[in-house]
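Chemist: Take a look and give me a structure for this.
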Amino acid sequence: MNKILFAGLFIAMSCNSAQHTDSNTSKSEVQDQGVTKEQRISYAETITQEDLKKHLYIYASDEFEGRNTGEPGQKKAVEYIKNHYQDINVPGAQGTDEYFQKVPLEINGIPSGSIAVGGNDYTLGEGIITFSTVPNQSYDIVYAGYGIETDGYSDYSNIDVKGKYILIKLGEPKDENGNYTLTGSDQPGVWSNWRETLSKRVDIATAKGAEGIIYYDDVYYSRSKNRYDHFIQADGGGNMVLKSDEEKIAYIFVNKDVATKIYPEIDSNHTAKDLQEQITLNIKSVTTDVDSENVVAIIKGKSKPEEYVYISSHLDHVGVDPSGDVFNGADDDGSGTVAMLEIAEAFKKAVADGNGPERSIVFLHVTAEEKGLYGSQYYTDNPIFPLANTVADLNIDMIGRIDPKRDGDRNYIYLIGSDKLSTDLHELSEEVNDEFMQIELDYTYNDENDPNRFYYRSDHYNFAKHNIPIIFYFNGTHEDYHKVTDTPDKINYDLLENRTRLVFHTAWEVANRPERLVVDKAPKE
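Modeler: As a prediction, this is how the structure comes out:
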């Protein structure tokens, strides 16, 4: 999982099938059009601890070198995944043998140099950070408050930012009573959380023609500083991004000390203004292309092959540390990867018996999750199958361990996002679990106020941004998260088996129900 790094229609529909059946007949048996509950369970039971363990001890071994994006270990990982689908005769999504979707990435090498602004010179890493490749010249600076523009509010009303750098800050406006203007309450909205809105602010500034952004947020600066220092200590590396032919706006992150030197009133004054200042850049950086790929396979649906149910996980991890120790990533996300391989095999067994899914199942293994959800972002920006025909994404990211907060209570899984867009999906998920698995579905991290913001930190989010219903299956973090000690011997294989079977049963239900899931909670534009 990425470390860094936004109701009533279903009721009649979901009751329809039950109204015309005997009360002793399960809903699943009716929807499966002849597949008995016992048959369905038999397919799920092909997902075993032994097979999961066999896969994971290979996939999370030192041989795979931590599966760092674009490096030899990641190439071994995608070959392993592809070979499994070939072995079980599940074709590639782009043609029988075409499993790979190339994802164009590049590394912006760690810049060095300095920036002069507000009469002061700043060496990179000392109150000011950038990972951008920037032209070395001078630009006027305009203060744009929070950098927000919505239907009812704009920080850009009285300023021209074209060709200039804008200074903006995290947060959102309040009224004279101390309530947040955009929510109309004492509770902040999305603009107060950088995970959800930094990209929105960048999009707005780009559309306005700004040349670059100076972003003031102490928390984000601290995170950027840690990453910058890590790259410096590693004697190389840089910031990986999706490659694009489009001109990219530059990002510069500053701490409070620098922000207040540029504009002393930044914390108290929210009104946009021309600062009558310039920023002068003296930066050196190098950009390197990265070769990486998603792996995509498909089992075609019988009656609704043009509707797609996705199962996703990320295939990458974070590589090898400077001393040569391997980050095996057994839980993150080796567990999700091998779960998908076994789910595919279970569906393929159903196909062999003439009981294949009505809708198509797409198995999407994405790269560069650890770098910023880039594999899934690229896929949803460049889908092989139309997003308009995508019914749901079931995303698996870390399902092999126990959260220490559970205090020994093992039979659980955290579910995130099931109710965010579709009441149908949430209720279906609950019903499937009650009927087949009886795992405790813990929604702790589904809370909008949860500070971890996990909903925004794995690959499902790039589907959710397109109003596609999602479920994120997650065991929580633990002491080995993003450490070299996340090894396959620490996986709870009985739990991995049960949780994988839950995803299988949920996918089966979504793929075979008569009606497509209703999206009844999509946010209004």
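Chemist: can you give me the helices for this protein?
Modeler: Using DSSP state H, the helices of the chain run over 9-19, 27-31, 37-44, 49-59, 72-87, 194-207, 218-233, 256-262, 336-352, 374-381, 423-432, 460-464, 493-512.
Chemist: pLDDT (mean, whole number) over the second one?
Modeler: Put plainly, it is helix 27-31. Mean pLDDT, helix 27-31: 43.
Chemist: again with the first one
Modeler: The average of the pLDDT scores along helix 9-19 is 34.
Chemist: same thing with the last one?
Modeler: Within the predicted structure, the mean pLDDT of helix 493-512 is 98.
Chemist: That one: how far from the chain's middle?
Modeler: For helix 493-512, the distance between its averaged C-alpha position and the chain's averaged C-alpha position is 20 Å (CA atoms, centre = their mean, to the nearest Å).
Chemist: likewise the fifth one?
Modeler: Helix 72-87 has its C-alpha centroid displaced from the chain centroid by 22 Å (CA atoms, centre = their mean).
Chemist: could you check the angle helix 336-352 makes with it?
Modeler: Taking axes from the mean of the first three to the mean of the last three CA atoms, to 10 degrees, one finds helix 72-87 and helix 336-352 inclined to each other by 10 degrees.
Chemist: can you state the direction angle for helix 72-87 and helix 49-59?
Modeler: Angular relation of helix 72-87 and helix 49-59 on a 0 to 180 degree scale: 140 degrees, by the same axes, to 10 degrees.
Chemist: returning to that earlier point: so which of the helices of the chain is the most packed in?
Modeler: helix 460-464 (a mean of 25; mean count of other CB atoms under 10 Å). Where C-beta positions appear, they are placed from N, C-alpha and C, glycine not excepted.
Chemist: what does it contact?
Modeler: Contact with helix 460-464 is made by 6, 310, 312, 373, 376-377, 379-380, 390, 393, 395, 417, 420-421, 455, 470-472, as judged by CB atoms under 8 Å, 6 or more residues apart in numbering.
Chemist: check contacts around M398.
Modeler: So M398 contacts 1, 331-333, 335-336, 474-477 (CB under 8 Å, 6+ apart).
Chemist: Please repeat the previous calculation with a cut-off of 7 Å.
Modeler: Taking CB atoms under 7 Å, 6 or more residues apart in numbering, we find M398 in contact with 1, 331-333, 335-336, 474-475.
Chemist: Can you add pLDDT and distance to T36 and give these back as CSV?
Modeler: Output for the contacts of M398, formatted as CSV (pLDDT from 0 to 100; distance: CB to CB, whole Å):
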residue, pLDDT, distance to T36
M1, 82, 37
D331, 98, 35
D332, 98, 37
D333, 98, 33
S335, 98, 30
G336, 98, 29
F474, 98, 32
N475, 98, 31
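Chemist: Could you check how far the residue lying closest to V90 once chain neighbours are set aside is from N512?
Modeler: Counting by CB to CB, 6 or more residues apart in numbering, A297 is the residue found nearest to V90 once chain neighbours are left out, at 4.9 Å. When distance is defined by CB to CB, to the nearest Å, A297 is 19 Å away from N512.
Chemist: what about the closest residue to D325 other than its chain neighbours, neighbour count?
Modeler: Take D325 and drop its neighbours on the chain: the residue closest to it by CB to CB, 6+ apart is V484, 4.4 Å away. For V484, the count of nearby residues is 17 (other CB atoms under 10 Å).
Chemist: thought V484 was touching G329?
Modeler: No: taking CB atoms under 7 Å as the contact criterion, V484 and G329 are not neighbours in contact, 9.7 Å apart.
Chemist: Now do the same contact list for N475.
Modeler: The neighbourhood of N475, defined by CB under 7 Å, 6+ apart, consists of 398-403, 413-414.
Chemist: From the contacts of M398, which land in strands?
Modeler: By the criterion of DSSP state E, membership of the contacts of M398 in strands covers F474.
Chemist: can you map out the strands along the stretch 251-400 of the chain?
Modeler: Counting by DSSP state E, counting those that start in this stretch, the stretch 251-400 of the chain has strands at residues 273-284, 287-299, 304-314, 359-366, 390-396.
Chemist: Using CSV, please lay out those strands together with distance to N255.
Modeler: Rendered in CSV, the data for the strands of the stretch 251-400 of the chain read as follows (distance: least, CB to CB, whole Å):
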stretch, distance to N255
strand 273-284, 16
strand 287-299, 26
strand 304-314, 31
strand 359-366, 33
strand 390-396, 34
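Chemist: any chance of the ones you listed in CSV, plus distance to R67, mean neighbour count and mean pLDDT?
Modeler: What follows is the strands of the stretch 251-400 of the chain, written out as CSV (distance: least, CB to CB, whole Å; neighbours: other CB atoms under 10 Å; pLDDT from 0 to 100):
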stretch, distance to R67, mean neighbour count, mean pLDDT
strand 273-284, 31, 16, 95
strand 287-299, 11, 21, 96
strand 304-314, 9, 24, 98
strand 359-366, 11, 26, 98
strand 390-396, 16, 27, 98
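Chemist: quick one: which of these is nearest E65?
Modeler: Shortest separation from E65 across those is recorded for strand 287-299, at 14.3 Å, computed as CB to CB.
Chemist: how far does that closest one sit from the chain's center?
Modeler: The mean C-alpha position of strand 287-299 is separated from the chain mean by 16 Å, CA atoms, centre = their mean.
Chemist: and it, what does it pack onto?
Modeler: Strand 287-299 makes packing contacts with helix 72-87, strand 100-109, helix 336-352, strand 359-366 when contacts are defined by 3 or more CB pairs under 7 Å, 6 or more residues apart in numbering; DSSP states H and E.
Chemist: got a list of what N2 touches?
Modeler: Contacts for N2 were tallied using CB under 7 Å, 6+ apart; they are 369-370, 372-373, 457-458.
Chemist: Likewise for Q377?
Modeler: Residues touching Q377, when contacts are defined by CB under 7 Å, 6+ apart, comprise 242, 462.
Chemist: Need the pLDDT of it.
Modeler: As predicted, Q377 sits at a pLDDT of 97.
Chemist: State the distance from it to T130.
Modeler: Look at Q377 and T130: by CB to CB, they are 21 Å apart.
Chemist: for the nearest residue to T123 once chain neighbours are set aside, what are its contacts?
Modeler: Leaving aside its sequence neighbours, T123 sits nearest to S114 (CB to CB, 6+ apart; 5.0 Å). With contacts taken as CB under 7 Å, 6+ apart, S114 has the following neighbours: 121-124, 282.
Chemist: give me the beta-bridge partners of S114?
Modeler: Bridge pairing for S114 (DSSP bridges) gives the partners T123, N282.
Chemist: Relative to T500, how far out is it?
Modeler: Look at S114 and T500: by CB to CB, they are 52 Å apart.
Chemist: Likewise for K243?
Modeler: 34 Å.
Chemist: Can you give me the first-to-last residue distance of stretch 444-454?
Modeler: 11 Å (CA to CA, to the nearest Å).
Chemist: Distance from it to the middle of the chain?
Modeler: Per CA atoms, centre = their mean, the displacement of stretch 444-454 from the mean C-alpha position of its chain is 14 Å.
Chemist: pLDDT (mean, whole number) over it?
Modeler: Stretch 444-454 shows an average pLDDT of 90 in the prediction.
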